[in-house]
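Asker: Let's see this in three dimensions:
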Amino acid sequence: MLVDYGSASPSEYLALLRAADQADCPVAVIPTAARPRFAEILASDELVLDLRDSAFRLLECPETVDAAVPAILRRGQVATADGAGEDLRRGSILALQGHGGPADAGFGPFMNLCSRGLYDASDQPTFPCYGTTRCFRQALYARADADTAGLIDPRDVKASLVILDGCGTLPVPGSLFPFATSLARGLLESRARALVLSHGVSASPLSAYVLLLALLAESAPLGVAVRAANRHRRVSAGTASIVGDGVAPWILVGNPIARVRGLHVNVLEPVAGAPQDFVCETPPGPTGALVRVPERSDGPAEVVTDPPCWVAGARFEGFGYLWLGHTESSSVVHARIKPRSIDPATWLRRQRQARGAATFLRGLAGAVARAGADASVMRTLADLWLAVEESAEPLVLSVIDAQVDVIADSIAGPMELSQHVETLDRVSAMAIAQAAATTGARLYRFWSPPWPSGHLTEGPTCSCGALTVMELRRHPGLQLARFNVRCPGCGPIGDVAAVPDTSGAPVPVVHCVPSRLVEVGSTLEWRLHFNDQARPGTACATVFDAFRRSRLCTASVRYGGDGRVLTLHAELPPEWPIGLSQAVVVICSEGQISLIDYDLVVRREPSRRLTIGGATA
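Answerer: Numbers count the residues shown, from 1 in each chain. Down below sits the predicted model:
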C-alpha cells in the first residue's frame with residue numbers, strides 16, 4: 001500500500017487495511033513521503049540477517065530477565081550508555097519493545113528514540129520540545145530537561161530489520177502525529193531495509209517473536225511472517241486496536257515479498273516410538289537455537305527439557321516453533337512437548353492463601369519488632385509468600401482457553417512452585433512457633449484488619465467439660481474463612497483455617513480440645529485429627545513458661561492432608577518452672593495458618609505420658 005500522509009483520512013486508511021485482511025492478504029505500507037527510497041525498499045527482495053549481530057530489548061517480556069535466556073534477548077537488562085551504543089551498531093536485527101508512540105519511544109534510560117531532529121521550524125510543533133534543546137522525557141530518568149543523554153536519532157540506526165514494538169509507532173494518516181516528525185520517517189532515512197512497526201496498542205509476547213524469526217528462517221516472505229505473528233497474537237489473547245486476524249498490531253513497512261537469508265531453524269523429527277520427544281543440539285554462545293517440531297495437540301502446551309534449558313515458543317499450522325537457550329552441561333538437549341496440566345482453581349486458591357499468610361506474618365513481624373527482637377525472618381517470609389502469590393498468577397493465566405498456541409517453558413512450572421510452597425509451610429510454622437514466646441500465645445490478633453465475624457456454631461467439648469463455640473470469620477476480598485474456637489471457662493482455644501464443604505457451610509480443618517494440667521518430666525503429646533478436606537502442610541508445637549525464660553519446640557512434621565492423625569511429641573524437662581505456661585500448635589497448609597493456643601498449669605507429679613491436646617473435624 002502506497003500511503004499519502006497528506007491526503008488519506010484515518011477511516012479510508014483503516015478500511016483499506018481491513019479489506020486486505022479479509023482477503024487474507026499480507027500487508028505492507030510504504031509512505032509516499034519516502035519516495036527517495038522507493039527503489040531501494042522495493043528492490044530489497046532479500047535481507048541477510050545474523051542473530052549474532054542482533055539485539056532484542058524487550059522490556060514488556062518478563063521471561064527475558066531469566067539468566068538462562070540467550071544473551072541477545074536480555075539486552076533490556078543492560079541499562080548503560082555503552083550497552084545502548086553496542087545495540088545501535090548491530091547490523092542485522094534491532095528489536096525494541098517498551099513505551100512508545102509515533103514521535104518518540106523509550107526502551108531504557110539510554111535508548112530513547114527521539115524525532116526532534118526531524119522538526120522543520122516552519123511547521124507547527126507537535127511536541128513542546130521541538131525547536132528547543134529541552135526534553136520533557138528526561139525527568140523520567142532523573143535528568144535535567146537539557147540533558148541529551150540517552151536521546152537517539154532514529155536515523156542513526158544501523159540494523160537492516162528494525163522491530164519497534166511500542167504503541168502506535170507508525171502514525172495513522174490524518175491522526176494527531178504527522179509523518180514528517182515520526183520515528184517511521186527517521187528509520188526510513190537510516191540503513192534499515194525493512195521495518196516492523198505498530199498500529200495502536202502493542203506489547204507482543206515473546207512467542208510472537210519466536211514465530212516471526214522461525215518463519216523468516218524458513219524463507220517465508222516478510223509480509224507472510226508478520227501476518228502470521230499477528231494472527232498468533234490474536235488467538236493467544238493478545239491485544240490489538242484494529243479488528244482483524246492478521247492486520248495489527250504489527251505493520252510491515254517494506255517489501256512484503258522480501259525473504260531472509262542467514263537465519264537457521266533446526267527441523268527435528270520425533271524420537272522413534274515417542275511422538276512428543278525430540279533431541280536437539282543447542283550451540284554455545286549468545287543466540288541459542290531455533291527449532292521446528294511436529295506439534296498438533298490442542299490447548300496450552302509446555303516443554304520439559306533434559307538437561308533443563310530455557311524455552312519459549314508458539315504453535316503454528318501443525319508445527320511447534322521453539323527458541324532454546326544453551327545449557328552449559330551438554331550441547332544435546334532432550335525435549336518433550338506436553339499439554340499443560342495445571343488446575344487454575346488450585347492456584348487461584350493458593351494465591352489467596354499466600355496473600356493471607358503474608359498479611360499475618362507482617363502483623364507478627366511488627367509485634368516482634370516492638371518487643372525489641374529481630375523481625376527480619378518474619379518480614380522475609382512475608383515477602384516470600386507474596387512472591388508465591390505473584391508466581392502463581394502466570395500459572396493460572398497459562399491454562400486459560402485463549403492461550404491455545406503458546407508453548408511455554410516448564411522450568412518455573414507448578415512442581416517447582418509447589419516445592420517452594422512446601423518449604424515455606426515448614427519454615428513459616430517453625431518461625432511462628434519460635435516467635436510465640438516473644439509476642440505471646442494469642443497470635444490470632446495479628447490478622448489485621450480483623451476479618452468480619454459471622455455466625456456461631458457449637459464446637460467440641462473442652463477438657464473442662466464446657467461446650468466450646470466456633471465463630472466463623474470470613475475475608476471478603478480473599479475468599480478465605482477461619483474459625484475462632486472459644487471455651488466459656490478457659491478462654492480462647494484456637495484460630496483455625498476453614499474450607500467450604502459441598503453445601504457451602506464452613507468446615508474446620510482442625511480444632512483442639514486440650515487438657516490443661518501436665519506434670520514436669522512428662523512426655524507431652526499433641527494428637528491432631530485432620531478431615532479429608534485438609535490440604536498437605538506442616539505442623540509443630542511450642543511451650544514456654546510465664547516468664548518466657550524456658551521454652552521448647554517440637555520438630556516440624558509434614559502431613560499429607562489425607563485425613564489421618566498427626567502426633568507431635570515433646571519432653572517437658574524436670575526443671576521446668578511450676579505453674580502457668582502456654583502452648584501453641586502451628587499448622588501451615590499451603591499458606592493457610594491455623595493456631596491452637598492455650599494455657600497449661602505445670603505440677604510436680606510423677607512422670608507419665610499425657611495427652612494434652614487432641615483434634616477432630
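
Asker: Surely Glu590 is in contact with Val421?
Answerer: Yes: between Glu590 and Val421 a contact is recorded at 5.6 Å, counting by CB atoms under 8 Å. Where you see a C-beta, it was placed from the backbone N, CA and C, and this is true even at glycine.

Asker: Now do the shared contacts for these two.
Answerer: Arg350 (CB atoms under 8 Å, 6 or more residues apart in numbering).

Asker: between those two, who's got more neighbours?
Answerer: Neighbour totals were compared for Glu590 and Val421, and Val421 leads with 26 against 21 (other CB atoms under 10 Å).

Asker: Tell me how far Gln353 lies from Val388.
Answerer: 9 Å (CB to CB, to the nearest Å).

Asker: and for the two, which residues touch both?
Answerer: Gly591.

Asker: Identify the bridge partners of Pro492.
Answerer: Arg486 (DSSP bridges).

Asker: Now do the contacts for it.
Answerer: Residues Arg442, Tyr444, Asn484, Val485, Arg486, Asp597, Tyr598 are the ones in contact with Pro492 under the rule CB under 8 Å, 6+ apart.

Asker: where in the stretch 251-400 of the chain is pLDDT low?
Answerer: 283-284, 296, 298-300, 340-343, 394-400 (pLDDT under 70).

Asker: Okay, strands next: where are they in it?
Answerer: Using DSSP state E, counting those that start in this stretch, the strands of the stretch 251-400 of the chain run over residues 259-261, 265-267, 277-281, 289-294, 301-306, 311-316, 319-324, 332-339.

Asker: Report all helices and strands that the fourth one contacts.
Answerer: Going back to what we said before, that points to strand 289-294. In terms of contacts (3 or more CB pairs under 8 Å, 6 or more residues apart in numbering; DSSP states H and E), strand 289-294 is packed against helix 206-217, strand 265-267, strand 277-281, strand 319-324, strand 332-339.

Asker: can you rerun that using 10 Å?
Answerer: When contacts are defined as 3 or more CB pairs under 10 Å, 6 or more residues apart in numbering; DSSP states H and E, strand 289-294 packs onto helix 206-217, strand 265-267, strand 277-281, strand 311-316, strand 319-324, strand 332-339.

Asker: angle of that strand against helix 206-217?
Answerer: 90 degrees (axes from the mean of the first three to the mean of the last three CA atoms, to 10 degrees).

Asker: Strand 289-294: partners in the sheet, and parallel or antiparallel?
Answerer: Partners of strand 289-294 in the sheet, by DSSP bridges, are strand 265-267 (parallel), strand 319-324 (antiparallel).

Asker: Give me the buried positions along it.
Answerer: Neighbour counts over strand 289-294 (16 or more other CB atoms under 10 Å) mark Ala289, Leu290, Val291, Arg292, Val293 as buried.

Asker: How about the fifth one?
Answerer: Of the residues in strand 301-306, those buried under the neighbour-count criterion (16+ other CB under 10 Å) are Ala301, Glu302, Val303, Val304, Thr305.

Asker: I'd say the last one and Ala289 touch.
Answerer: No: under the criterion of CB atoms under 10 Å, Thr305 is not in contact with Ala289, lying 11.8 Å apart.

Asker: Now list whatever residues contact both of the two.
Answerer: Cys280, Thr282, Leu322, Leu324, Gly325, Val333 (CB atoms under 10 Å, 6 or more residues apart in numbering).

Asker: re earlier: can you flag the buried ones in the contacts of Pro492?
Answerer: Of the contacts of Pro492, these count as buried by 16+ other CB under 10 Å: Tyr444, Asn484, Val485, Arg486, Asp597, Tyr598.

Asker: Without its sequence neighbours, what residue ends up closest to the first one?
Answerer: For Tyr444, ignoring the flanking residues on the chain, the nearest one in space by CB to CB, 6 or more residues apart in numbering is Asp495 at 3.4 Å.

Asker: my read is the one you found is in a helix, agree?
Answerer: No: read with DSSP: H, G, I helix; E, B strand; the rest coil, Asp495 is strand and lies in no helix.

Asker: Now do Tyr16 against Phe446, distance only.
Answerer: Small correction: residue 16 is Leu, not Tyr. Distance from Leu16 to Phe446, by CB to CB: 63 Å.

Asker: swap that for Tyr209, sorry
Answerer: 46 Å.

Asker: so who does Gly465 touch?
Answerer: Cys487, Gly489.

Asker: Give the burial count for Asp374, as a bare number.
Answerer: Quick note: Asp374 (other CB under 10 Å) scores 11 neighbours.

Asker: So it sits against Val368, correct?
Answerer: Yes: the pair Asp374 / Val368 is scored as a contact, 7.3 Å apart, by CB under 10 Å.

Asker: what do these two both touch?
Answerer: Joint contacts of Asp374 and Val368 (CB under 10 Å, 6+ apart) are Thr438.

Asker: Chain neighbours aside, what residue packs nearest to Glu63?
Answerer: Counting by CB to CB, 6+ apart, the residue nearest Glu63 is Leu206, at 5.3 Å.

Asker: Assess the claim that that neighbour and Glu60 are in contact.
Answerer: Yes: between Leu206 and Glu60 there is a contact at 9.5 Å, judged by CB under 10 Å.

Asker: Tell me where the stretch 101-250 of the chain has strands.
Answerer: Under DSSP E, counting those that start in this stretch, the stretch 101-250 of the chain gives strands at 104-106, 112-114, 151-152, 161-165, 194-198, 250-253.

Asker: Could you give the separation of the last one from the chain centroid?
Answerer: So that's strand 250-253. 29 Å (CA atoms, centre = their mean, to the nearest Å).

Asker: C-alpha coordinates for that strand, PDB please?
Answerer: The C-alpha coordinates for strand 250-253 follow below in PDB (Å, rounded to 0.1, in the frame of the first residue of the first chain):
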ATOM      1  CA  TRP A 250       2.400  -5.100  13.800                       C
ATOM      2  CA  ILE A 251       2.500  -3.500  10.400                       C
ATOM      3  CA  LEU A 252       5.300  -4.000   7.800                       C
ATOM      4  CA  VAL A 253       7.000  -1.000   6.200                       C
END
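
Asker: Please consider this matter closed, and thank you.
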